[in-house]
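Q: kindly generate the corresponding structure for this input.
(2 chains)
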Number of protein chains: 2
Amino acid sequence: MAYKEKYPSELLSEAVEAIGMLPGVGRRSALRLALHLLKQPSENVHHFTEAVNRLRDEVRYCRECRMISDEETCSICSDRSRDHSVICVVESVRDVMSIENTGQYHGLYHVLGGIISPIAGVGPSDLSIRELVSRVQAFEDPASAEIILALSGDVEGETTAFYIYRQVADTGVRVSSLARGLGFGDDLEYADELTLGRSIVNRQVFRP
Amino acid sequence: MAYKEKYPSELLSEAVEAIGMLPGVGRRSALRLALHLLKQPSENVHHFTEAVNRLRDEVRYCRECRMISDEETCSICSDRSRDHSVICVVESVRDVMSIENTGQYHGLYHVLGGIISPIAGVGPSDLSIRELVSRVQAFEDPASAEIILALSGDVEGETTAFYIYRQVADTGVRVSSLARGLGFGDDLEYADELTLGRSIVNRQVFRP
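A: Predicted coordinates for the structure are as follows:
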């Protein structure tokens, strides 16, 4: 009853609860958003919910690099003008977008889908590391190939970089990591484009 | 093309655009929310969008007070234990919820659906003022009835209060306004419950 007193309508209460599940959206913001949506034309609200549903239901991931893609192979992997002898290894889809925005990188990517974190219970097998190793082993000329470990500069990032390094060390492929123009512990996602671009250009041989 | 470069997928780009239409959600937050929704189980996302669609499509407003309601008459208007000789006039649905949360008020409400604002192009006819006047005229014993103008303490609020006062002045109904325990210019929506509750209890005769 206390619940019903708080919201004048079940519909509103359910919508506020659903919107409040979004990260960073508290109860008060959720109510504000719900009341905002109520004031919008019906077709705008439907457009919004359809875009969200379609994203969730129809999204695909590139079978090469695991990037979000509308096709089986993403536009980066299928771009013949890019350098297919370099793979930049990142944690997430967002990291690919950040690096693309710098305009400084013209190779391929590999999205791990997370980072090794014993605390969060994420191990190597939860990530697409095996697929990465297969791609590295498939390089026609390993001596002229390279993988760039573009992971965040925190403990999990370093651990993941070290794990991957050991997996590919005997392939003869050059392994580099981002130049630490980024402060130690900085999150890759929040770096400005200039710093991040410089880190790509000045990447260094990985020496664990 | 610059657009496609920014987002790796049309689906993602459309979802980010739709989410970015929400008030207070910038492009970066919209992307974060979209990628969060991507990681959720499909049924959670559908539950979210259905709750939003149902709110927009099935919501009803009380035919008496214009409050959001699941029935034709809201739970407050149909509550016989409440004082039907007092109507508290507010700008929005949220204001009703704020006042209900104080637990200090036991009369009825009237939701105007906005406030008179020449700058925003909102005039008296855009609000439910005529319906309010009808309700006031329908009081069986005007001498013992009252309307409380619970509007924000800014210029628009004062203007609206004055307009309503003139409309009902000749009915013999007592017109009061919130005690200004609220600082002048404060927004009703952000007041703490203690201050707002006191303003209801200490309401004063409206003297324009």
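
Q: what about the biggest helix by length in chain A, average pLDDT?
A: Identified as the longest helix of chain A according to DSSP state H is helix A:42-58. Averaging pLDDT along helix A:42-58 yields 93.

Q: I'd say A:V59 and B:S9 touch.
A: Yes - counting by Cβ atoms under 8 Å, A:V59 does reach B:S9; the two are 6.7 Å apart. For glycine as for every other residue, the C-beta is placed from the backbone atoms N, C-alpha and C.

Q: between these two, who's got more neighbours?
A: It is B:S9, of A:V59 and B:S9, that has more neighbours when counted by other Cβ atoms under 10 Å in any protein chain shown, with 24 against 17.

Q: show me chain A divided up by domain.
A: A:2-57, A:83-205 (automatic domain parsing).

Q: need those in TSV with distance to chain B, can you?
A: Below are the domains of chain A laid out as TSV (distance: least, Cβ to the nearest Cβ, whole Å):
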stretch	distance to chain B
domain A:2-57	4
domain A:83-205	6
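
Q: what does the pLDDT read for the spatially most central residue of chain A?
A: Centroid-nearest residue in chain A, with Cα atoms, centre = their mean: A:S92, separated by 1.5 Å. On the pLDDT scale, A:S92 is placed at 92.

Q: so who does it touch?
A: A:V111, A:L112, A:G113, A:G114, A:E189, B:L35 (Cβ atoms under 8 Å, 6 or more residues apart in numbering or on different chains).

Q: just the element for the residue nearest to A:G103 when sequence neighbours are not counted, please.
A: Take A:G103 and drop its neighbours on the chain: the residue closest to it by Cβ to Cβ, 6 or more residues apart in numbering or on different chains is A:G197, 7.1 Å away. Per DSSP states H and E, A:G197 falls inside helix A:193-201.

Q: that helix packs against which elements?
A: Packed against helix A:193-201, as judged by 3 or more Cβ pairs under 8 Å, 6 or more residues apart in numbering or on different chains; DSSP states H and E, are the following elements: helix A:93-102.

Q: partner strands of the lengthiest strand in chain A, parallel or antiparallel?
A: The longest strand of chain A (DSSP state E) is strand A:83-90. Next to strand A:83-90 in the sheet, as set by DSSP bridges, lie strand A:107-111 (parallel), strand A:146-149 (parallel).

Q: show me what counts as buried in the helix holding A:G197.
A: A:L196, A:G197, A:R198, A:S199, A:I200 (16 or more other Cβ atoms under 10 Å in any protein chain shown).

Q: cool, stretch A:118-129 as well?
A: Applying 16+ other Cβ under 10 Å to stretch A:118-129 flags A:V122, A:L127, A:S128, A:I129 as buried.

Q: which residue packs closest to the second one, ignoring adjacent ones?
A: The shortest distance from A:L127 to any non-neighbouring residue, by Cβ to Cβ, 6+ apart, is to A:L112 (4.4 Å).

Q: surely the one you found and A:G157 touch.
A: No - using Cβ under 8 Å, A:L112 is not in contact with A:G157, being 10.5 Å away.

Q: shared neighbours of the two, anything?
A: By Cβ under 8 Å, 6+ apart, the residues touching both A:L112 and A:G157 are A:E91.

Q: could you give the angle of the helix holding A:G197 to strand A:83-90?
A: 120 degrees (axes from the mean of the first three to the mean of the last three Cα atoms, to 10 degrees).

Q: and the nearest residue in space to A:L132 that is not next to it in sequence, how far is that from A:D95?
A: Spatially, and ignoring its direct neighbours in sequence, A:L132 is nearest to A:H110 (4.9 Å; Cβ to Cβ, 6+ apart). A:H110 is 11 Å from A:D95, where distance means Cβ to Cβ, to the nearest Å.

Q: looking at these two now, which is surrounded by more residues?
A: Of the pair A:H110 and A:D95, A:H110 is the one with more neighbours under other Cβ under 10 Å, namely 26 against 21.

Q: give me the pLDDT for that one.
A: 97.

Q: the one 4 residues further on now?
A: Turning to A:G114, the model gives it a pLDDT of 92.

Q: hmm, it is touching A:G123, no?
A: No - using Cβ under 8 Å as the test, A:G114 is too far from A:G123 to be in contact (9.8 Å).

Q: tell me where chain A has helices.
A: For chain A, helices defined by DSSP H occupy the ranges A:2-6, A:10-19, A:27-39, A:42-58, A:93-102, A:129-137, A:155-168, A:193-201.

Q: ok, back up a step: and the domains of chain A as CSV, adding distance to B:A15?
A: Converted to CSV, the domains of chain A look like this (distance: least, Cβ to Cβ, whole Å):
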stretch, distance to B:A15
domain A:2-57, 4
domain A:83-205, 13
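
Q: quick check: which of the ones you listed is nearest to B:C65?
A: Among those, domain A:2-57 comes nearest to B:C65, with 10.1 Å by Cβ to Cβ.
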